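Engineer: all I have is the shape, not the residue letters:
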């Protein structure tokens, strides 16, 4: 008799994103610019760092398993009731719980081909079946096709990121509201808004828009600069959000994370300042791409996807050549998105280093064949 | 069509341990002594606090999803290979993943009646069926009966805590090795050793003892004083431990937690010093119980279970009266263990406050009827 379930035995021991630390160990080098994980090199507010250092001293005590203060702060920030919010160990942690709650083995889940791999990892981890819709030719997710597929398959979950990773593209609130209203009643729309704090005016429906089958995921990892801290939340109808209490790791959001996130919300001036720096760095990244005769995609995030002009083989070769020059970047995993490399924003030094690395990489691997 | 699975709909939205913060909000008071969650009021090493404050500044970056440095430090600490270790967001987080990997809905899991509720929560969360063995009359888990039950039911998981929570009792290494060797090959022995750092000489089998169906859980929450940080690990056969890579939240152990745990392992002198303080406080807690004409149970942990001499109704009334006097303590949930209250160690001030609260509580609720 085997020790683990048939499902567990069928799964690969995998990691959706290999960390830069692992690459450094494997390649025997130190990255001098860390631009691959859509982190914010600008960091969190100094108030956040101070609040976390203070909480470190109190960390002999478990954090509040109801995360009351943080939940109240998030609710106040959005003008919502606390019951509409659940907090977890990053969006990744919340997605794992959601798949656990909503999908039985064999159930169908729909996403875009090339969208967030960690969501797919959790779907596979619960034995549900992934069905994919292609990105549009303009490298946007395809809401119309996703709606059609959802109507045909009646999936348990439909994943949609706005703004999108890995392309950086976005849809406007009108398109998102149309998607929300068109999704079958029995399908939960998993609206990943990790990059919402960086979204342009008009891209986000009101946060007060609630449906029993709508969950919107927000995080402190991106614009708030707290990726390493692990704290995110989901907003939705109280009856839906309340499901997370059935399977979550109650003490999983650390005392430090809770204190840090409260401080982050309280310093909106810092967020606005960082947002300006991110936008400026994004423009500079686009300019770097153009100077290299490559095509930057418009971005509503803290990264820029750069169309290298070739196929996946070319982009992978170019990526490897950039990595070995000390700049950590990543790229989408599957065609046709894998003709791109994906570069997170950085400080001027980081971007200069990337530009040099890219130039050197192009010298090494050449231009894509026509 | 419902949004959530039949299993999810059948589960209560519950919380195995209501936090002291929630009790404070509910009761409208502030606890002046926090002695209910088996935390270490002595806190972590100052080096840990410093390492975490430093890591807070770097927390714009995700932590290493392979937790390489921490894994190497744990491996070196135990003299084991890194492949024998998986790290997670507290033992709670690891237990959730284990149930996910090993138990299908309807599968059987065996534990002791009154043992760790969070394990039971995860078992229920995956639809497995709990079967219980009673504690022995001497308030120890009953390895003989657990072995018999496991041989009869061939469960997927068998939970055993050594030293035990909520009783504080322990078995010696000989008894544990007998349990390890007697468990059916297809049953994973879930050996929860959260309090191992406080265990007396001779209570723990060698950490190098490996079986494909044995997993040993260790944590930085108890003796290391890092409950609020959320970092724990599991030791076992590499093929077994490797299963966690199939379903875990890769970035879930924060950068701060990883840095703190590395620093904690490096300061064994602090651990020894704290252990002495814990043992002294445990003795004082036992003396307090005796002065109140109650019976402290021998403890190999950082808490003392106190037999109040009555039934569950009496202990619950007493507990409520202690709480309202500003001392946060807890008690086991089910009979016959619920004749006890459970008090974590504290500093002299904390213990004096508890002694006063206990005396006042006894004045209020009286002595148990004979």
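Structural biologist: Sure thing, it's come through. All figures in this text were calculated on a predicted structure; none of them were measured in a lab.
Engineer: only C-alpha atoms for contact and neighbour calcs from this point on.
Structural biologist: Fine.
Engineer: check whether the helix ranked longest in chain A comes near chain B.
Structural biologist: Under DSSP state H, the helix in chain A containing the largest number of residues is helix A:268-291. No: Helix A:268-291 stays clear of chain B (Cα under 8 Å from any Cα of the partner chain), getting no nearer than 12.6 Å.
Engineer: tell me what the helix or strand following that helix is packed against?
Structural biologist: Heading C-terminal from helix A:268-291, the first helix or strand you meet, by DSSP states H and E, is strand A:295-296. Contact here means 3 or more Cα pairs under 8 Å, 6 or more residues apart in numbering or on different chains; DSSP states H and E; on that basis strand A:295-296 packs against helix A:268-291, strand A:303-307.
Engineer: so how far is the shortest one from its chain's centroid?
Structural biologist: For strand A:303-307, the distance between its averaged C-alpha position and the chain's averaged C-alpha position is 15 Å (Cα atoms, centre = their mean, to the nearest Å).
Engineer: tell me what it is packed against?
Structural biologist: helix A:268-291, strand A:295-296, strand A:340-344.
Engineer: before we move on, the earlier item: so which of the helices and strands packed on strand A:295-296 gets nearest residue B:326?
Structural biologist: helix A:268-291 (36.9 Å; Cα to Cα).
Engineer: starting at the chain centroid, how far to stretch A:92-103?
Structural biologist: The chain centre lies 15 Å from the centre of stretch A:92-103; the measure is Cα atoms, centre = their mean.
Engineer: what does the stretch 201-350 of chain A put close to chain B?
Structural biologist: A:213, A:221, A:225-230, A:242-247, A:249-256.
Engineer: next, count neighbours for residue A:350.
Structural biologist: Using other Cα atoms under 10 Å in any protein chain shown, residue A:350 has 18 neighbouring residues.
Engineer: just say helix, strand or coil for it.
Structural biologist: Put simply, residue A:350 is helix when judged by DSSP: H, G, I helix; E, B strand; the rest coil.
Engineer: and it, how close does it get to chain B?
Structural biologist: The gap separating residue A:350 from chain B is 15 Å, by Cα to the nearest Cα, to the nearest Å.
Engineer: how many residues are close by the nearest residue to that residue once chain neighbours are set aside?
Structural biologist: Among residues not flanking residue A:350 along the chain, residue A:33 sits closest, at 5.2 Å (Cα to Cα, 6 or more residues apart in numbering or on different chains). By the measure other Cα under 10 Å, the count of residues near residue A:33 is 21.
Engineer: show me what residue A:33 bridges to in the sheet.
Structural biologist: Under the criterion DSSP bridges, residue A:33 forms beta bridges with residue A:327.
Engineer: that one: what's it in contact with?
Structural biologist: Contacts for residue A:33 (Cα atoms under 8 Å, 6 or more residues apart in numbering or on different chains) come out as A:326, A:327, A:328, A:350, A:353, A:354.
Engineer: try residue A:21
Structural biologist: By Cα under 8 Å, 6+ apart, the neighbours of residue A:21 are residue B:64.
Engineer: please apply the same query to residue A:101.
Structural biologist: The contact partners of residue A:101, by Cα under 8 Å, 6+ apart, come to A:243, A:244, A:247, B:4, B:5, B:7, B:8.
Engineer: give me that answer again for 6 Å
Structural biologist: By Cα atoms under 6 Å, 6 or more residues apart in numbering or on different chains, the contact list for residue A:101 reads B:4, B:8.
Engineer: SS state for it?
Structural biologist: At residue A:101 the chain is in helix, as set by three-state DSSP.
Engineer: what's the pLDDT at it?
Structural biologist: Residue A:101 is assigned a predicted lDDT (pLDDT) of 98.
Engineer: coming back round to it: could you give the mean pLDDT of the longest helix of chain A?
Structural biologist: Here helix A:268-291 scores 98 as its mean pLDDT.
Engineer: for it, buried residues please.
Structural biologist: A:270-271, A:274-275, A:277-289 (16 or more other Cα atoms under 10 Å in any protein chain shown).
Engineer: likewise stretch A:101-119?
Structural biologist: Of the residues in stretch A:101-119, A:101-104, A:107-116, A:118-119 count as buried by neighbour count, 16+ other Cα under 10 Å.
Engineer: any chance you could map the strands in chain A?
Structural biologist: Using DSSP state E, the strands found in chain A span residues A:33-34, A:85-88, A:108-112, A:129-133, A:157-161, A:188-192, A:214-219, A:232-236, A:295-296, A:303-307, A:327-328, A:340-344.
Engineer: what lines up beside the fourth one in the sheet?
Structural biologist: Put plainly, it is strand A:129-133. Sheet pairing here is set by DSSP bridges, and for strand A:129-133 it gives strand A:108-112 (parallel).
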